[in-house]
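> pasting a predicted model and its sequence here:
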Amino acid sequence: MSDQELVRVLFVCMGNICRSPTAEGIFRQRVRDAGLADRVETDSAGTHSYHIGKGPDQRSQAEARNRGVDLSDIRSRRFEVSDFSSFDWVLAMDRDNLGILQTECPSEHRHKLHLFLRFAQNRPEEEVPDPYYGGEQGFVHVFDLIDEAADGLLNVIREQHRLK
């Protein structure tokens, strides 16, 4: 890259098949639409290794497809401690996963950790709920929450990293 560095964003949930790949897909689409695909890189991971190598849950993919977002190329992976040094932003979907990340996070990288929904405007929720054991409506709600937080996150990243 030229004189501007790549901004790397990682979304984290438990299994990396519902919430975090949805966040990765939505945010990746926002970045492309903003013309920043050469400046912002996205990824997702899980704090647990239940689904390594698998694609997102079919219900997540269906809801994303319904809204024009493609998750089909995303594969589950487990979060690694080295991700703290590789990413500028590490965004947990809920407090449980944030707590796991905080216990593993070296002090020099603590500033990178956030609850993802803190970037949503006008939302009372602080966590993206896990829709895995629920019905289709849970995936719709999760998409809505993530969709709103993605806008706020992109605005903050544009401002903090001086991206046009």
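Arrived safely, thanks for sending. Bear in mind that the values here come from a model prediction, so they are computed numbers and not experimental data.
> and the longest helix for this protein?
helix 136-160 (DSSP state H).
> helices or strands up against that one?
strand 7-13, helix 19-33, helix 58-66, strand 89-92 (3 or more C-beta pairs under 8 Å, 6 or more residues apart in numbering; DSSP states H and E). Placement of C-beta: from N, CA and C, glycine included.
> quick check: angle from that helix to helix 58-66?
60 degrees (axes from the mean of the first three to the mean of the last three C-alpha atoms, to 10 degrees).
> helix 136-160: which residues count as buried?
Residues of helix 136-160 classed as buried by neighbour count (16 or more other C-beta atoms under 10 Å): 138-139, 141-143, 145-150, 152-154, 157-158.
> dump the helices and strands packed on helix 136-160 to CSV, plus mean pLDDT and mean neighbour count.
Output for the helices and strands packed on helix 136-160, formatted as CSV (pLDDT from 0 to 100; neighbours: other C-beta atoms under 10 Å):
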stretch, mean pLDDT, mean neighbour count
strand 7-13, 98, 24
helix 19-33, 98, 24
helix 58-66, 97, 18
strand 89-92, 98, 26
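> need the ones you listed in JSON lines with distance to residue 52, can you?
Below are the helices and strands packed on helix 136-160 laid out as JSON lines (distance: least, C-beta to C-beta, whole Å):
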{"stretch": "strand 7-13", "distance to residue 52": "14"}
{"stretch": "helix 19-33", "distance to residue 52": "13"}
{"stretch": "helix 58-66", "distance to residue 52": "17"}
{"stretch": "strand 89-92", "distance to residue 52": "19"}
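> all good on my end, thank you.
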